[in-house]
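Q: generate coordinates for the sequence data below:
(chains A and B, ligands or ions: 3)
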Amino acid sequence: MALQSLDIKQRSATTTPAPQARQTIEIAKLIDVSACIGCKACQVACMEWNDVRDEVGSCVGVYDNPVDLTENSWTVMRYSEVEQNGKLEWLIRKDGCMHCTDPGCLKACPAPGAIIQYANGIVDFHQENCIGCGYCVTGCPFNVPRISKKDSKAYKCTLCSDRVAVNQAPACAKACPTGAIQFGSKEDMKDYAEKRIADLKERGYDKAGLYDPAGVGGTHVMYVLHHADKPDLYSGLPVNPSISPLVALWKGAAKPLATLALAGVALGSLFHYVMKGPNEVSKEMEAEVEKEDAP
Amino acid sequence: MIRDPKDLQRYDAGERANHWVVGISFILLALSGLAFFHPAFFPLTQLFGGGTWARILHPYIGVLMAFFFVLLFLRFYRLNRMTDADREWLSRAKEMIDGDDHNMPEAGKYNGGQKMMFWWMTICMVLMTVSGIFIWKAQFNVPVDLARFGAVVHAAVGAIMIALIMVHVYAAIWTKGTIRAMWYGTVTRAWAKQHHRAWYRQMTGK
Ligand code: HEM
Ligand code: SF4
Ligand code: SF4
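A: Numbering: from 1, shown residues only, chains lettered A, B, ... in the order given. Ligands and ions are numbered 1, 2, ... in the order given. Coordinates of the predicted model:
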């Protein structure tokens, strides 16, 4: 890749090592849920920068709109009303791709180069290589990728890889009016989060913490949560996400072994023929039958 | 078009055509399926016009094959009921593989190994069809855990099935005079007497 900021770390369905001489720092987006007011400026900025427009739906009675991620809505705000410590709390979470360090989507994808993980941590879908099989949906522990009904390609948040490549923050981070979306190196984001968490703890949220789940090797979209002990309060954010054991089994060592076994059966057959010879009708049998059939 | 009037009819035209439809579909399914199975096989998608076409075509070919396999099953399942003689045959299969069939028990139209193959294929077909539907994203949207389970089953059973079919095809190549049964339906009397004696007697009354 000519652009150092877009050096590739991992590529779907590719078994040889990626170029790795150059070292880039990992970036991250930090979403401070406690500072989000649910205004959806980020949703709008995402649509605008990426030139995607979802169909105008109808109000379902709550603020969630659109109600789910789609191929055109790569981020949606999810609103949940929960009772904590005898008080009503309105928890608002910006949902979208987490840009996992160990991405289940990339692991599952059968098409070479349809899913790319850059050295900076961004996981990007390259639709020109996508065959539309939906395996990424099966592989993702966060239920993020969506297959377009129009072109059968998979889409999701790119973390504005095109902007990040030229040293710009993602569109959503730029648009957020409260500073709830921060962007920078992963280290800096963790430091920033620590301050936010200390502040929240001071204000009585003694379970405040960072969501950077180790089960997927950490993520490049992280949350500051007031209730880090109960991520599922936030519209079902997984408590301990990891690549499903079924996906690990499906994409693990079994396949190369099965391939060897198939080669073994093919070669075994060949050598059986070469060593034992064909199973022909014996001359005796032919003579015997000829005699029997003689009029 | 029987070459020798004494030859024995083993398959009629309908049976042969049915078997070929299933066989061709299977080869196309195996080639396109392997392409998604492991990156080493991805270039096989070129045989189908690229990755996206392979992805689109594979499940439809699967439906075609499943339909024709049901017909094949209905034609042949009665002939594939296991008997004690078949079990005896299976327990001695090693001798057969060693190339010595002198002491093998008499086989009817099918020997124990062929019958086992028939039932294994039937089980695999059912598993492949059901799991294939679970992972057919373009047509069905099943809960993600079911899709994950389906993917494991489809990949595992697919590999087993390809291995079984390689054995099936090899057995036909190994046993000379067999392939013609699938081309034009007949086998020689000597072939029948050597390999399927009980069937030979039933057909000839000898
Ligand atoms: C009987 C009906 C079948 C259906 C409905 C079906 C459907 C599917 C679907 C939907 C996929 C995912 C790729 C895609 O979307 O095209 C797939 C993958 C696959 N199919 Fe099938 N299929 C069938 C039969 C078979 C058979 C007979 C084979 C055997 C050799 C086979 C081998 C495979 C393999 C190896 C994969 C890749 C699995 C993986 O990703 O690990 N399929 N099939
Ligand atoms: S959240 Fe899902 S789509 Fe995003 S990188 Fe992780 S596995 Fe892939
Ligand atoms: S649908 Fe997802 S898994 Fe399939 S090729 Fe496209 S990106 Fe890869």
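Q: residue of the stretch 51-200 of chain A with the smallest distance to chain B?
A: Residue of the stretch 51-200 of chain A nearest chain B, by C-beta to the nearest C-beta: A:Gly134 (2.9 Å). Glycine gets a C-beta too; all of them are placed from N, C-alpha and C.
Q: helices and strands around the longest helix anywhere in chain B, which ones?
A: Ranked by residue count and defined by DSSP state H, the top helix of chain B is helix B:144-174. Using 3 or more C-beta pairs under 8 Å, 6 or more residues apart in numbering or on different chains; DSSP states H and E as the contact definition, the elements that helix B:144-174 packs against are helix A:135-139, helix A:245-250, helix A:254-276, helix B:13-37, helix B:112-134, helix B:179-183.
Q: okay, those helices, which one's buried deepest?
A: Neighbour counts averaged per stretch over the helices and strands packed on helix B:144-174 are highest for helix A:135-139, at a mean of 27; criterion: mean count of other C-beta atoms under 10 Å in any protein chain shown.
Q: could the helices and strands packed on helix B:144-174 be laid out in JSON lines, adding distance to ligand 1?
A: JSON lines is the format used below for the helices and strands packed on helix B:144-174 (distance: least, C-beta to the nearest ligand atom, whole Å):
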{"stretch": "helix A:135-139", "distance to ligand 1": "7"}
{"stretch": "helix A:245-250", "distance to ligand 1": "6"}
{"stretch": "helix A:254-276", "distance to ligand 1": "7"}
{"stretch": "helix B:13-37", "distance to ligand 1": "2"}
{"stretch": "helix B:112-134", "distance to ligand 1": "2"}
{"stretch": "helix B:179-183", "distance to ligand 1": "19"}
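Q: C-alpha coordinates for the helix or strand of chain B with the lowest mean pLDDT, CSV please?
A: In chain B, the helix or strand scored least confidently by mean pLDDT, DSSP states H and E is helix B:93-97, which has a mean of 92. Coordinates of each C-alpha in helix B:93-97 appear next as CSV, following Å, rounded to 0.1, in the frame of the first residue of the first chain:
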residue,chain,number,x,y,z
ALA,B,93,-14.2,-56.0,3.2
LYS,B,94,-10.5,-55.9,3.9
GLU,B,95,-9.9,-59.0,1.8
MET,B,96,-11.8,-57.3,-1.0
ILE,B,97,-9.6,-54.2,-0.7
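Q: show me what it is packed against.
A: With contacts defined as 3+ C-beta pairs under 8 Å, 6+ apart, the packing partners of helix B:93-97 are helix B:112-134.
Q: let's see it at 10 Å
A: The criterion is 3 or more C-beta pairs under 10 Å, 6 or more residues apart in numbering or on different chains; DSSP states H and E, and the helices and strands that helix B:93-97 contacts are helix B:84-91, helix B:112-134, helix B:144-174.
Q: got the residues of the stretch 151-295 of chain A near ligand 3?
A: Within the stretch 151-295 of chain A, the positions lying close to ligand 3 (C-beta under 6 Å from any ligand atom) are A:Ala154.
Q: how about the helices in the stretch 151-295 of chain A?
A: With DSSP state H, counting those that start in this stretch, the ranges of helices along the stretch 151-295 of chain A come out as A:161-165, A:171-175, A:186-202, A:245-250, A:254-276, A:283-293.
Q: can you check the stretch 1-150 of chain A too?
A: A:41-50, A:104-108, A:135-139.
Q: so where's chain A uncertain?
A: Counting by pLDDT under 70, the low-confidence segments of chain A come to A:1-2, A:4, A:295.
Q: and it, which residues reach ligand 1?
A: Counting by C-beta under 6 Å from any ligand atom, the residues of chain A close to ligand 1 are A:110, A:133.
Q: measure stretch A:34-42 end to end?
A: Taking C-alpha to C-alpha, to the nearest Å, the first and last residues of stretch A:34-42 lie 16 Å apart.
Q: could you chop chain A up by domain?
A: As assigned by automatic domain parsing, chain A contains the domains A:8-249, A:253-293.
Q: quick check: A:Gln117 touching A:Gly104?
A: No. Between A:Gln117 and A:Gly104 no contact is recorded; they are 11.8 Å apart, counting by C-beta atoms under 10 Å.
Q: neighbour count: the two, which is higher?
A: Ranked by neighbour count (other C-beta atoms under 10 Å in any protein chain shown), A:Gln117 and A:Gly104 place A:Gly104 first, with 27 against 23.
Q: in contact with that one, which residues?
A: Going by C-beta atoms under 10 Å, 6 or more residues apart in numbering or on different chains, A:Gly104 touches A:135-142, A:144-145, A:216, A:241-244, A:247-248, A:251, B:148.
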